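Engineer: pasting the sequence and the predicted model now:
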Amino acid sequence: MNLDHVFVCGHPALDFAATLRARRSTRFEMFVTPERLNAWYVESGLVDTITPGKEDDVREAIEVREALYRLITNRRLGEDFDREALAVLNAAARQVPVTPQLTLAGRHTDATPGQALATVARQAVELLSGPDVPLLKECGNPECTRVYIDRSRGMRRQWCGMESCGNKIKAAAYRARKKTTPAAAAG
């Protein structure tokens with residue numbers, strides 16, 4: 001499995017929730033170490049630099065991520081929010097967020113893992129209370145559990161991303177058609 005973080009969901013909070021991949025099958029955890037968690041914060045563009053994290057930062061991030069995924073699922077399915085998940089997300093959102101600074105070289109954001117997590121939680125609050133809620137869709141790949149914002153014309157997008165899931169599904173369908181075509185023609 002590829003260890004690179006993927007940002008295809010259209011919103012940082014959705015990409016954060018997607019860091020536990022294939023939830024219905026193999027369950028592939030992206031946040032296995034404090035370094036991998038911090039790499040996500042940097043690669044997402046949330047921060048430019050981040051202080052070294054600890055195992056507690058990973059545990060807290062996973063707890064917030066799982067609460068966030070539950071709330072995204074509640075919202076996507078038109079259900080009431082899970083109260084426990086709501087409490088976890090709101091507690092994280094109340095913490096001190098990242099603070100960008102203007103430097104001679106431009107904007108620079110240095111943060112702790114806790115500040116980065118608080119910022120993701122605040123972004124999640126904005127997403128789940130904002131106008132993009134009706135655009136939330138789950139990837140059509142049965143193995144994928146990413147939720148993304150579908151801004152396509154007519155909301156016809158089926159996959160979280162062509163590179164990650166769309167090409168795999170299309171290639172599999174093509175191979176399946178090729179296997180059945182000669183047999184059908186021979187009969």
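Structural biologist: Happy to help now that I have it. Keep in mind it's a predicted model, so treat the numbers as computed, not measured. Numbering: from 1, shown residues only.
Engineer: where in this structure is pLDDT low?
Structural biologist: 1-3, 164, 166-177, 180-187 (pLDDT under 70).
Engineer: for it, what spans make up the helices?
Structural biologist: Ranges of helices in the chain, per DSSP state H, are 12-17, 34-43, 55-76, 83-93, 113-128, 167-186.
Engineer: would you mind listing the buried residues in the longest one?
Structural biologist: Read it as helix 55-76. 57-58, 60-65, 67-76 (16 or more other C-beta atoms under 10 Å). For every residue, glycine as well, the C-beta is placed using N, CA and C.
Engineer: over to the fifth one?
Structural biologist: By neighbour count with 16+ other C-beta under 10 Å, helix 113-128 contains the buried residues 113-125, 127-128.
Engineer: do you know how far Leu135 is from Asp4?
Structural biologist: 26 Å (C-beta to C-beta, to the nearest Å).
Engineer: try Ala124
Structural biologist: Ala124 is 23 Å from Asp4, by C-beta to C-beta.
Engineer: Arg36 now?
Structural biologist: 11 Å.
Engineer: hang on, the earlier thing: Thr26 is nearest to which of the helices of the chain?
Structural biologist: Among the helices of the chain, helix 167-186 comes nearest to Thr26, with 14.5 Å by C-beta to C-beta.
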